[in-house]
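Undergrad: Sequence and predicted structure, then a few things I'm wondering about:
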Amino acid sequence: MTLYVVAFMMEMVEWWRFPAWTTASVLLSVVTIAFAQNRTVFLAFLVSTTAYFLIFRFPEVANHINLLLFCNLLLILGLAYSHCSQSGQKEFPAYFETLLSPLRLMLIVTFSVAGFHKFNYDFLNPDVSCIGEFFGTFLWTLTTPLFEQSTIPALTIVLILCGVGALAGFLIGAPVVSRLLPRRLGRSARWMSIGGLALIIGTSLLVAVPIFLMTIAALNERQIEVLVVGIAILVVFWQMAEGPLLLVPRLQAFFLSFALLFHSFLAMIGFVDFQALALALLLAFVPKPVLEAWNHERYAHLGSRSFDRVYAYVGLNLLAGLLTGVQLHVTPLFENISAVQGLLFNVGVLILIWPIIAALLSCTREWRWRGVAVFDSGTPKFLYLFPFLLLLFGMTSYLGLRTAGNFSMFSNLRTEGATSNHILLRKNPLKIWDYQEDSIRILKFDESAPYAEFHYAPRLNEGMGLPVVEFRKLIRKWAKEGMEVPIVFEYQGKVYSSDNIATDPNWRVTRPDWEMSLLDFRVIQPEGPNECRW
């Protein structure tokens, strides 16, 4: 429960867009974590956060927020049903474990659908693939100064912090690590061995990462294109394969390990909020014997002091959020705040799961990783409806409905028009509705004006298209803000020119219809390979 609450908190503190709401959300998260085992408190948290997203931010929410909403609704019904269930009334911890089954399926669906979206020609095109953009962002993260007014590249500080983090991880997990060492070693020798292992890891980082960067810098344009295509193929294969193969208990350990590494990478380039939610759902695949063994090592020791690993994870994430707030609303401290967030998050994860990592490397552990059965006979059957609905939601682009927020982020997917860029669904055989084709084309638009801060306005360049549903949402927002928005656009073969579209009687929107309340669309690129977009 605690990790799930942290995922919500990290979403709210990502950019502190609404400081008052963010502060209230942090306080709500802290109180919920303090009483995480109380089902009423957790239920109240789920209801309040769901209401917030649905009332104030839906439908323009990130992909992982839609996943969070599905999970919230599932847990709300599951917890409410626990008051009526005999097992829920008598043994709530055992009952709550049955709710993990549909949550695991939620993650499987998310991975599978996201991978399926990426199975398109443009994601595999090195000229526009989102992999190329991610790769560039990662290199920028490593080479950009971490602090303001500093000439020291982030790479140097990252390596130093990684070395310190490795040392801290070994020291904190010393009682566990010491079990890996021969019994005949004395206490001093054990501590020296632990420090030596940390030193080896730190040195390896200092050597390996610069070699990696120098190797990348030496590549020519053609070699970089081949590298981007290779990584793109790997990502598509991983996401499409991981979902179904997570259904096989004996394969779960491998795919969970790969997923943790992949998400730690994404955390370093500005996606901590999604990684926090992914971690909470990934750990739902950890077998019960492993969790029990972890619980024995839950309290880490640092010298004569001990602390709860879970609260260390919570504290580091909270620190990352507070530093972001200071960075954005008080005074700039960092040149690359995303790297700071990622570092704190990853160190928190390392501290949290260190007993499992150490035990996996040990030959003396008393358990074997056998995985978990995804389906649980004790789960209320109606809860399995949510993973199915999530699957349908993820496929809405192919049906002619929304193109944003349905796990198609950074996929280069294009379904607008008679044909798609998807390799398997090239001719859009599943399309039923025409919302994507009912669109305008921008002829003149001042994207540097104050109203360009809205969600889609920065991407409304001349020549770009936008579904009418999304255009009407923008008009309503502009009208509510009292803005004057001159624009020239084409719709159904006719050119419209308005000095202020927000008050134009032919386009003015007084109240949203159901399409505006439920659907969310990207801008439409007029021609050429589909570029990378959120």
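TA: Thanks, I have the structure now. Numbering: from 1, shown residues only.
Undergrad: Assign the most centrally placed residue in the chain to helix, strand or coil.
TA: Centroid-nearest residue in the chain: F274, 1.8 Å away (criterion: C-alpha atoms, centre = their mean). Assigned with DSSP: H, G, I helix; E, B strand; the rest coil, F274 falls in the helix class.
Undergrad: any idea how far T364 is from T32?
TA: Between T364 and T32 the distance is 38 Å, computed by C-beta to C-beta, to the nearest Å. Quick note: C-beta positions are derived from backbone N, CA and C, even for glycine.
Undergrad: Which one's more surrounded, those two?
TA: Taking other C-beta atoms under 10 Å, T364 and T32 do not tie; T32 has more neighbours (24 against 8).
Undergrad: Please name the residues that touch the more buried one.
TA: Contacts for T32 (C-beta atoms under 8 Å, 6 or more residues apart in numbering) come out as V5, V41, F42, F45.
Undergrad: again with L424
TA: L424 sits next to F119 when contact means C-beta under 8 Å, 6+ apart.
Undergrad: Just the mean pLDDT for the helix or strand E225 falls within, thanks.
TA: Counting by DSSP states H and E, the element that carries E225 is helix 221-245. Mean pLDDT, computed over helix 221-245, is 88.
Undergrad: after that helix, next one along is what?
TA: Downstream of helix 221-245, the next assigned helix or strand under DSSP H and E is helix 252-267.
Undergrad: That following helix to helix 221-245, inter-axis angle?
TA: Helix 252-267 and helix 221-245 are oriented at 130 degrees to each other (axes from the mean of the first three to the mean of the last three C-alpha atoms, to 10 degrees).
Undergrad: Which positions within helix 252-267 qualify as buried?
TA: Using 16 or more other C-beta atoms under 10 Å as the test for burial, helix 252-267 gives Q252, A253, F255, L256, A259, L260, F262, H263, S264, L266, A267.
Undergrad: So what's the residue count around the residue nearest to the second one when sequence neighbours are not counted?
TA: Closest residue in space to A253, ignoring its immediate chain neighbours: W369 at 4.7 Å, by C-beta to C-beta, 6 or more residues apart in numbering. When neighbours are defined as other C-beta under 10 Å, W369 has 19 of them.
Undergrad: ditto for L399
TA: 16.
Undergrad: what's the distance between R511 and I501?
TA: When C-beta to C-beta is the yardstick, R511 and I501 sit 17 Å from each other.
Undergrad: Neighbour count for those two, which is higher?
TA: Using other C-beta under 10 Å, the more surrounded residue of R511 and I501 is I501, with 24 against 7.
Undergrad: Give me the pLDDT value at that one.
TA: We note a pLDDT of 92 for I501 in this prediction.
Undergrad: which parts of stretch 293-303 are buried?
TA: Going by neighbour count (16+ other C-beta under 10 Å), the buried part of stretch 293-303 is A293, W294, E297, A300.
Undergrad: just these now: which is nearest N120?
TA: W294 (40.0 Å; C-beta to C-beta).
Undergrad: Correct me if wrong: the closest one contacts I357.
TA: No. Using C-beta atoms under 8 Å as the test, W294 is too far from I357 to be in contact (10.3 Å).
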